[in-house]
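Q: Dropping the sequence and predicted coords here.
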Amino acid sequence: MAKNPVEKRVDTLRDLWLENTQDPRVRILVWRIPANADRMLQAFFEMQQHPGDWTTPDLFLRFDVAFDTGFGYSRALRQSLAENYIDSKDSLREQGVTADWSVAQVVQHDSASGTMAMLASFAQYHKAQLAHLRYVAAVLAPHPVSSQSAWEAWLDAALRSSALASDDASVRLTLVDTMSDQRWQALAQRHGDRVRVVEAPIDMFDIARETVAQSGGTGPTVAYRQLLTDVITLVEKGSATQTSARAEKAMQIAQREQWPDQQVVLHMAVAGAFLKEKNFADAIKRYRDARACATQAEQSKHPMGADLIMQTWFGEAGVWLVAKEPERAAQAYRSAAEQAQRVPNPMFEIEGFRMAGYCYAQNGQQQQAREHGALALRAAKVISPAERPLTTMPLVLQGLLRVQDPARTAKLERSAADYQAAVAAAHLQAEQQAAKLGERPQASDLEKIENAMHASFESSFQRQRQEREHLIAGGDEFFRKVVALARELLNPLWNGLPEVKHPLDKDVPEWSEPPQFTKLPDSSGVIDGETAVNTSANITEPLNAAATA
């Protein structure tokens, strides 16, 4: 049976891995993939856990624990390996493997060298159990990463370790970057033939096109699906002219078959292609054509008709915003929010009114900005407290603060930035102190460094809170009412964006210093006291000259 496009790509990845790890000098293999192909690569790693002709003679271990400090990351990797190993013991026994390797068998040092020694021990034990096993390949994808430079320094240290330096090393490391973000190029240049960059041809657009072509069948649905796949690919890789021409062929089928929802999809895809080329007039025309088709879909009782109308308004608004027409953008975002009310979709209602307020603020229309911010908060108020942080409500609140007192709001934001800089400095100091301890640091010495780092975090955190509270206390009544409303509806500790949480994730009763809050006025009036905008802002007039600028 012929393999499908996904299976073919997995085979390609297998062959590339085997080809590039034959070189005994390679210790790190960097997969360089298209930005849209991460899921395909993850599927390859996952499939290595299951027998088949796609597998390699290597055991892939995936680690996504966060990188905080080098010594903390080393400790987290060891713990993650131990926990995952315990969880997989039953499946290993089913494969005839005696699963009694223990992390305790290795002298434990929280360093890159110590981690490599642990992986080497794991590899050697299982090579004795599994005759076919060649390497243990650790796929390292920490998230989040506190410092890219510290993370690279950890990798440099790993490459210097004795476990990876030996000619018969059984451990390989795997990293991933993209064609557009070649973050590991410098690492490869530093270490020459010990780091191999491999470009993987696994673009998901190509896979989608091949999948459709291979699906077979006849009739309008099959032909349309093939054309739509081409359109989506051309939006990413082709020109607006090419996209439009291909979409026209698909449109003929959609019109003949009376598929108004698919006509919406095609018009919006072409609009996106025109927007990429800054052809604002044609992009807006396409979004309006899409809206006419969406209206037809709604009239035909299509279940997604109302949603499609809303999407066309958001699309048009985005074009006006990029075209530097903030008032027209605000009017379109207002219409998007009103359509979201009809769907109903509170999250998009909030976003539509928020963006309308943002655009009015950009245009110097402060009162309109406040009014639309209030409308966004009204929409947010009816959402459950647990879901409010998942919306753009915090951005609405910050936007209102910025409209009311831009200088004070900028200071709130700068206070958070200063805090992050202090945290980064504490990280750097801890890394430097730990590096002086060598490849085999004593746990007690690392504990002292870590405790001092955490104390520095807490001190900076408390200083940031005091600074922000002082700034809030100095704001006018409306400014302080917005903060009061945020604490009432969103988070009792809210003090502006970016949000700064306790560095050690402690709850308030565990803080070294209890928070001191300024007295805030009652929040009434922020939402209910503003005059709502009652005029619907549907845009039907012809494009002005500015839209084609």
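A: Now that the structure is in, tell me what you want to look at.
Q: Does V319 touch D282 like I think?
A: No - between V319 and D282 no contact is recorded; they are 9.7 Å apart, counting by Cβ atoms under 8 Å. Placement of C-beta: from N, CA and C, glycine included.
Q: Return every residue with contacts to both of the two.
A: The contact sets of V319 and D282 overlap at A271 (Cβ atoms under 8 Å, 6 or more residues apart in numbering).
Q: Settle it for me: which of those two has more neighbours?
A: Set side by side, V319 and D282 show more neighbours around V319, with 27 against 20, by other Cβ atoms under 10 Å.
Q: how near is the more buried one to W313?
A: The span separating V319 from W313 equals 11 Å under the rule Cβ to Cβ, to the nearest Å.
Q: just Q262 next, same as before
A: Separation of Q262 from W313 (Cβ to Cβ): 19 Å.
Q: between these two, which one's more packed in?
A: Neighbour tally, Q262 and W313, criterion other Cβ under 10 Å: the higher count belongs to W313, 29 against 19.
Q: and that one, what element?
A: helix 305-322 (DSSP states H and E).
Q: Pull out the buried residues from the next helix-or-strand element following that helix.
A: Scanning the chain past helix 305-322 towards its C-terminal end, the next helix or strand to appear is helix 326-342 (assignment: DSSP H and E). Within helix 326-342, the residues scored as buried using 16 or more other Cβ atoms under 10 Å are 326-341.
Q: How far off centre is helix 326-342?
A: Relative to the mean C-alpha coordinate of its chain, helix 326-342 is positioned 26 Å out (Cα atoms, centre = their mean, to the nearest Å).
Q: name the helices or strands packed onto the helix or strand following that helix?
A: Read in the C-terminal direction, the helix or strand following helix 326-342 is helix 346-362, with elements assigned using DSSP H and E. Packing partners of helix 346-362 (3 or more Cβ pairs under 8 Å, 6 or more residues apart in numbering; DSSP states H and E): helix 305-322, helix 326-342, helix 366-381, helix 393-404.
Q: Switch those over to TSV; also include distance to E83 and mean pLDDT.
A: Compiled in TSV, the helices and strands packed on helix 346-362 are given as follows (distance: least, Cβ to Cβ, whole Å; pLDDT from 0 to 100):
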stretch	distance to E83	mean pLDDT
helix 305-322	42	98
helix 326-342	44	98
helix 366-381	39	96
helix 393-404	34	98
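Q: which phi and psi does V195 have?
A: Taking degrees, to the nearest 10, you get phi -120, psi 120 for the backbone angles of V195.
Q: where's it relative to L159, distance?
A: Distance of V195 to L159, given as Cβ to Cβ: 8 Å.
Q: Overlap of the contact sets of those two?
A: Going by Cβ under 8 Å, 6+ apart, residues that sit against V195 and also against L159 are R27, I28.
Q: quick one, which of these two is more surrounded?
A: Neighbours around V195 and L159, counted as other Cβ under 10 Å, are more numerous at V195. The numbers are 23 against 19.
Q: what's the burial count for I253?
A: The local packing of I253 (other Cβ under 10 Å) involves 18 other residues.
Q: Likewise for the one 5 residues further on?
A: Neighbour count for Q258, taken as other Cβ under 10 Å: 10.
Q: Okay, now the unreliable bits of the protein?
A: Across the chain, residues meeting the criterion (pLDDT under 70) sit at 1-2, 91-92, 94-97, 104, 213-218, 529-549.
Q: Partner strands of the longest strand that the chain contains and their direction?
A: Counting residues, the longest strand in the chain under DSSP state E turns out to be strand 171-178. Sheet partners assigned to strand 171-178 using DSSP bridges are listed as strand 28-33 (parallel), strand 136-140 (parallel).
Q: Quickly list the domain ranges of the chain.
A: Structural domains annotated on the chain: 5-203, 216-323, 330-436+448-549, as defined by automatic domain parsing.
Q: how much distance is there from the longest one to the middle of the chain?
A: So the one you mean is domain 330-436+448-549. Per Cα atoms, centre = their mean, the displacement of domain 330-436+448-549 from the mean C-alpha position of its chain is 20 Å.
Q: likewise the first one?
A: Domain 5-203 has its average C-alpha position 23 Å from the chain's average C-alpha position, going by Cα atoms, centre = their mean.
Q: End to end on it, go ahead and measure it.
A: Distances were taken as Cα to Cα, to the nearest Å; on that basis the terminal residues of domain 5-203 are 11 Å apart.
Q: Take the strands paired with strand 171-178 and write them to TSV, including mean neighbour count and distance to L164.
A: Compiled in TSV, those are given as follows (neighbours: other Cβ atoms under 10 Å; distance: least, Cβ to Cβ, whole Å):
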stretch	mean neighbour count	distance to L164
strand 28-33	22	9
strand 136-140	22	11
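Q: Minimum distance to E513: which of those has it?
A: E513 sits nearest to strand 136-140 of all the strands paired with strand 171-178, at 37.4 Å, using Cβ to Cβ.
Q: Mind exporting the C-alpha coordinates of the closest one to CSV?
A: Listed next in CSV are the C-alpha coordinates belonging to strand 136-140 (Å, rounded to 0.1, in the frame of the first residue of the first chain):
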residue,chain,number,x,y,z
VAL,A,136,19.8,7.8,23.7
ALA,A,137,18.7,11.0,22.0
ALA,A,138,17.6,13.7,24.5
VAL,A,139,15.2,16.1,22.7
LEU,A,140,15.7,19.4,24.7
